[in-house]
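A.B. asks: this one's sequence-less:
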């Protein structure tokens, strides 16, 4: 076996995430859960972008908190923060394609037949 | 030069390298084996994300089309149960992560403990879900099977929900669309619950194997990749919870 086929030593190390990190993430996730429930009981108002086009802040905040929680789970519980570039690239491109698929579908649905549905 | 030159009759002409028993022969090293299976697991999870994405997209489109029906139908869900289930699932993700840590540290007793806790929390989630499903059945909110839209034609007929939200009666054509909300509710939470049931089944198997010492010899791949699956199911719920329960109050 030739030498250059051997991956670098430090690239091989399997990172073990400590229970302290897991505990901190658990606490953060529970706090964010409390926060999103609390926020849902408050009327955060709406932004009238254009006639017939209104952005309600409550769902925006709820989804923003959900995205934050997801990021914490993916990075720490699922070890992506400590993974190789291949895993990071796979996860990132997967989410990118997912957002493109949903985003393009939504722009199509929501700009067709304005106000007739 | 390749170190595994096969001859025509399949005999491998090479010096047999020393390696742990759980390393398959076609991998250079345990780490390479770990990375390959880890990568494959992520590819599988991406297909799962796309699969649930279809359900989420339908929900978003229908919610925007039939907004009043979806808002009033959402009011039928109990935020208390939803919050409890979110907490249960998040804690189960933590115990699963601790299970992975126990396997990495080769602590057999801890691994069995954390896998069992994850199993219990998974069952608790399904228990709470079944309480909610039972209520849907009792209130005729199971689309196509046990359905009535009277809660939405006459919201005052449901004093418990009415006292909190004071919903106005929906016109019959809009009230009929609440059935679509409950269809999506059962499709999304049902598909999520199915993933939970599959996860708990695999956990049962893993607890038996862990008791035999299978995952505490340095071979953490199986526990690690199952952890990824479990956390993924948690993430799906992290989005289901606000979309189904929370965003329809205002």
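C.D. replies: Nice, thanks for sending it over. A quick note: this is a predicted structure, and the numbers were derived from the prediction, not measured.
A.B. asks: Could you use CA atoms for every contact and neighbour count after this?
C.D. replies: OK.
A.B. asks: Find the nearest non-adjacent residue to the residue in chain B that chain A sits nearest to, please.
C.D. replies: Going by Cα to the nearest Cα, chain A is nearest to residue B:247 of chain B, at 5.1 Å. Leaving aside its sequence neighbours, residue B:247 sits nearest to residue A:59 (Cα to Cα, 6 or more residues apart in numbering or on different chains; 5.1 Å).
A.B. asks: What's the first helix or strand after whichever strand or helix holds the one you found?
C.D. replies: Per DSSP states H and E, residue A:59 falls inside helix A:57-72. Remark: after helix A:57-72, the chain's next helix or strand is helix A:85-111, criterion DSSP H and E.
A.B. asks: For that next one, list every residue counted as buried.
C.D. replies: Neighbour-count burial for helix A:85-111 flags A:87, A:88, A:91, A:94, A:98, A:102, A:106 (criterion: 16 or more other Cα atoms under 10 Å in any protein chain shown).
A.B. asks: And for stretch B:38-49?
C.D. replies: Under 16+ other Cα under 10 Å, the buried positions of stretch B:38-49 are B:38, B:39, B:41, B:42, B:43, B:45, B:46, B:49.
A.B. asks: Give the full set of residues in contact with the residue of chain B closest to chain A.
C.D. replies: Contacts for residue B:247 (Cα atoms under 8 Å, 6 or more residues apart in numbering or on different chains) come out as A:40, A:58, A:59, A:62.
A.B. asks: What residues does the first one make contact with?
C.D. replies: The one in question is residue A:40. Taking Cα under 8 Å, 6+ apart, one finds A:58, A:62, B:246, B:247, B:249, B:250 in contact with residue A:40.
A.B. asks: same question, the second one
C.D. replies: Residue A:58 sits next to A:39, A:40, A:43, A:44, A:45, B:247, B:250 when contact means Cα under 8 Å, 6+ apart.
A.B. asks: Out of these, which is nearest to residue B:153?
C.D. replies: Distance to residue B:153 across the contacts of residue A:58 (Cα to Cα) is lowest for residue B:250, with 20.5 Å.
A.B. asks: got a pLDDT number for the closest one?
C.D. replies: At residue B:250, the pLDDT value in this model is 82.
A.B. asks: Skipping its backbone neighbours, what lies nearest it in space?
C.D. replies: residue A:43 (5.7 Å).
A.B. asks: That neighbour should be in a strand, yeah?
C.D. replies: No - counting by DSSP: H, G, I helix; E, B strand; the rest coil, residue A:43 is not part of a strand but coil.
A.B. asks: what's the neighbour count on it?
C.D. replies: Number of residues near residue A:43 (other Cα atoms under 10 Å in any protein chain shown) recorded here: 12.
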